[in-house]
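Chemist: Sharing a model that was predicted from the sequence below.
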Amino acid sequence: MKRLLFALTLTFSALMLNAQDPDFHIYLCFGQSNMEGNARIEQQDREGVSDRFRMMAAVDNKEMGRVKGEWYTAVPPLCRPGTGLTPADYFGRTLVENLPENVKVGVINVAIGGCHIETFLPDSIANYVEKRAPFWMKGMLAAYDNDPYARLVEVARLAQKDGVIKGILVHQGESNTGDPRWPYQLKTVYDNLIRDLNLQGEVVPLLVGEVVNSDRGGVCAYHNEVIARVPQVIPQAHVISSSGCTNAFDLLHFDAAGYRELGRRYARVMLQLLGCNPPVPEAMYSTDFNSRIVHPDGRVTFNYNAPEIEAEKVELVGQFMNGPMPMVRNSVGIWSATVRPPKADIYPYNFVVDGVPVQDPHNTDIFPNENFKASLLEMPDPEALYTVNDVPHGKVHHCTYKSDVLGMDRPVLVYTPADYDKGNRKYPVFYLVSGTTDTEETWFKVGKVNVILDNLIAQGKAVPMIVVMPYGNMMMGTPRPWTMAAAEMYGVFEREMTECIMPYVEKNFRTKTGAANRAIAGFSRGGGQSLFTAYSNFDKFGWLASYSAYLTPQVMDHYFPTLKSDITSLKLMWLGVGSSDFLYNDVVRHLEYFDANGISYEKMITEGGHTWMNARTYLAETLQKFFK
């Protein structure tokens, strides 16, 4: 009798062995929402799925006519009814595209959105279902009879009758973010699967995907540091980088494109393990590398990628934050930091690499400056005046004029409004001067005067005008603004303006003349130069504005003793400054001087400091006042 039973057992085993197709490669997939699939399935994901790529249903899906434990062509969804695109989709697609035609690929996907790793630990699942699982998870757990691990083993055993388990894919950890026990809990799950599926002695790779990366602002990205330790705990494990994989607005889930790319990365690693030449991926970071990502909620992720530099420390510095912020290096060498600027605006920023300030090498928007040239972050805001809209656009002319005052050729930028080339009309002129260490391009590239004025003119809020942007450096160093030496430099600029710049502009552009048709304003040093120039030439300028600048009472008393009576010819005397500007108290003293002398003026006190964000605000305000 014993011999008969032994013979029957051998026969059954042989039949089972013969039933297994060694060319049917099976992969088990488990995890939480990113393995379950959070992105909407698009038409491209349903089309062109090879019949060599199969999925075994882990639950019934009446809508698609699927029954638990049966094989189907792997048209998504691969998890449960109502789930989305997963990494498993393009993992399988990529494998069948690159393996011999006699090889089929099958996947089994058991995943529950929001679940902890304990969901796949038999000793923990009962307690988890009863005491820890939130109410919205109950239905998902019930689909697996409240034991997803047991369901995975159940259908995996059915699959083993048809093919050979070649690997295990996991994407989980968001709900265990930062937990140092996680690699060991994952090892328990892996060891249990190897035991319960009789895979001892076989090499079964475990492919572990990273969560949404730090270079995409992932809210759980620091768990990738925990994931990186998994191969030390599980020698068969391989980490799949998520660097650069695009994500949904919640910074927690990938979007459809991100799932596709992540799935391909799982596949490329598996193909290497199978001894196949994986497809050469498109460059992860080439011209498509995004060094600044503005998220829908206003957060911004900054990325620094310089693989040729073995940096020990990288920091982010920007005018949207107080002090430098340490950046985090991911598994492929990208340094990242995510911040929330106070509002949408255009901000200067830079990186500090081992103590050395550097520009963003992947950003062509540069802050024009005589010294260090920071990079510029422009945050999208459809309501902002710096946003380019579908309105008539003016032109910015890069010109060169001869300076007899300084004895050299000098640059100047000139903006002409959209209708300038359409006739012979003459226009009023606004002379706009930038600050210390800035160049003639700063009001154009950082101040966005051309875009702001295009929008205001189109809205009927500003008079069409010519804007002249000179280079304010008089090659006399940088005297402190409270000194008489600064006034002497301002005097040289006054001559430069009236003897060189204005004649050049009025000769080469169609300008209206007379004080009523000329305005002058500037930021910082440019504001001081504008004040001095206008106070010296009330017969030439009728409109005056100062952005974060001042003249001392001593300078005004010395150079302009009749200011009280002369200034009445101005149609506008306007001053703006930020409440935390380092020149705030000096500007206030300038205003107090006016008050003491009965001089009328308009003012704007804003929050913030000595920044180009404030300068743009003051510019937009005064552009709506000039020549009216």
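Modeler: Yep, it's here.
Chemist: So Glu499 is in contact with Asp404, correct?
Modeler: Yes: assessed by CB atoms under 8 Å, Glu499 is found in contact with Asp404 at 6.7 Å. Yep, even glycine has a C-beta here, placed from its N, CA and C like the rest.
Chemist: where along the stretch 1-150 of the chain do the helices fall?
Modeler: 2-19, 33-36, 43-46, 87-98, 125-127, 138-142, 148-160 (DSSP state H, counting those that start in this stretch).
Chemist: Likewise for the stretch 351-500 of the chain?
Modeler: For the stretch 351-500 of the chain, the helices defined by DSSP H, counting those that start in this stretch occupy 442-445, 449-458, 484-495.
Chemist: I'd like to know which of the ones you listed is closest to Gly82.
Modeler: helix 449-458 (45.1 Å; CB to CB).
Chemist: Please point out which parts of the closest one sit buried.
Modeler: For helix 449-458, the neighbour count (16 or more other CB atoms under 10 Å) marks 449-457 as buried.
Chemist: again with stretch 498-518
Modeler: 498, 500-502, 504-506, 509, 511-512, 515, 517-518.
Chemist: Closest one of the residues you listed to Lys571?
Modeler: Using CB to CB, Ala515 is the member of these that sits closest to Lys571, with 8.4 Å.
Chemist: dump the residue contacts of the residue nearest to that closest one when sequence neighbours are not counted.
Modeler: Spatial nearest neighbour of Ala515, chain neighbours left out: Gly542 (3.9 Å); criterion: CB to CB, 6 or more residues apart in numbering. Counting by CB atoms under 8 Å, 6 or more residues apart in numbering, Gly542 makes contact with 514-519, 569-572.
Chemist: can I get those residues in CSV with secondary structure, pLDDT and distance to Met474?
Modeler: CSV is the format used below for these (DSSP: H, G, I helix; E, B strand; the rest coil; pLDDT from 0 to 100; distance: CB to CB, whole Å):
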residue, secondary structure, pLDDT, distance to Met474
Gly514, coil, 96, 27
Ala515, helix, 97, 24
Ala516, helix, 97, 28
Asn517, helix, 98, 26
Arg518, strand, 98, 21
Ala519, strand, 98, 21
Ser569, helix, 95, 26
Leu570, coil, 96, 24
Lys571, coil, 96, 28
Leu572, strand, 96, 26
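Chemist: Tell me the one of the residues you listed nearest Ala257?
Modeler: Ala519 (49.4 Å).
Chemist: Show me what the closest one is bridged to.
Modeler: Note on Ala519: beta-bridge partners Phe430, Trp543, judged by DSSP bridges.
Chemist: From what I see, it and Phe541 are in contact.
Modeler: Yes: with contacts counted by CB under 8 Å, Ala519 reaches Phe541, the gap being 6.8 Å.
Chemist: picking that back up, which among the contacts of Gly542 gets closest to Leu623?
Modeler: Distances from Leu623 to the contacts of Gly542, taken by CB to CB, are shortest for Ala519, at 9.2 Å.
Chemist: Who is His171 paired with across the strands?
Modeler: With DSSP bridges as the criterion, His171 is bridged to Gly31.
Chemist: contacting residues for it?
Modeler: Per CB under 8 Å, 6+ apart, neighbours of His171: 29, 31-32, 34-35, 87, 111, 208-209, 211.
Chemist: Contacts only, for the residue lying closest to Asn102 once chain neighbours are set aside.
Modeler: Leaving aside its chain neighbours, Asn102 sits nearest to Asp23 (5.1 Å; criterion: CB to CB, 6+ apart). Asp23 makes contact with 100, 102-104, 163, according to CB under 8 Å, 6+ apart.
Chemist: which of those are buried?
Modeler: 103-104, 163.
Chemist: could you dump these to a markdown table with pLDDT and distance to Pro326?
Modeler: Converted to a markdown table, those look like this (pLDDT from 0 to 100; distance: CB to CB, whole Å):
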| residue | pLDDT | distance to Pro326 |
| --- | --- | --- |
| Val103 | 97 | 47 |
| Lys104 | 98 | 48 |
| Gly163 | 97 | 48 |
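Chemist: out of these, which are inside strands?
Modeler: Lys104 (DSSP state E).
Chemist: tell me which element the residue nearest the centre of the chain falls in.
Modeler: Nearest to the geometric centre of the chain sits Ile293, at 1.0 Å (CA atoms, centre = their mean). Using DSSP states H and E, the element containing Ile293 is strand 292-294.
Chemist: buried residues in the following helix or strand past that strand?
Modeler: Going down the chain from strand 292-294, the next helix or strand is strand 300-304, by DSSP H and E. Under the neighbour-count criterion of 16+ other CB under 10 Å, strand 300-304 has 300-304 buried.
Chemist: For Glu130, give its distance to Thr387.
Modeler: Computed with CB to CB, to the nearest Å, the distance linking Glu130 and Thr387 is 54 Å.
Chemist: One more: Gln44?
Modeler: Distance from Gln44 to Thr387, by CB to CB: 32 Å.
Chemist: So those two - more neighbours on which side?
Modeler: Thr387 (16 against 9; other CB atoms under 10 Å).
Chemist: What residues does that one make contact with?
Modeler: 380-381, 451, 455.
Chemist: cool, Arg132 as well?
Modeler: The neighbourhood of Arg132, defined by CB under 8 Å, 6+ apart, consists of 116, 118.
Chemist: for the residue nearest to Met489 when sequence neighbours are not counted, phi and psi?
Modeler: Using CB to CB, 6+ apart and skipping the chain neighbours, the partner closest in space to Met489 is Met476 (4.8 Å). Backbone geometry at Met476, expressed as degrees, to the nearest 10, gives phi -120, psi 20.
Chemist: Can you tell me how far Met476 is from Val555?
Modeler: Distance of Met476 to Val555, given as CB to CB: 16 Å.
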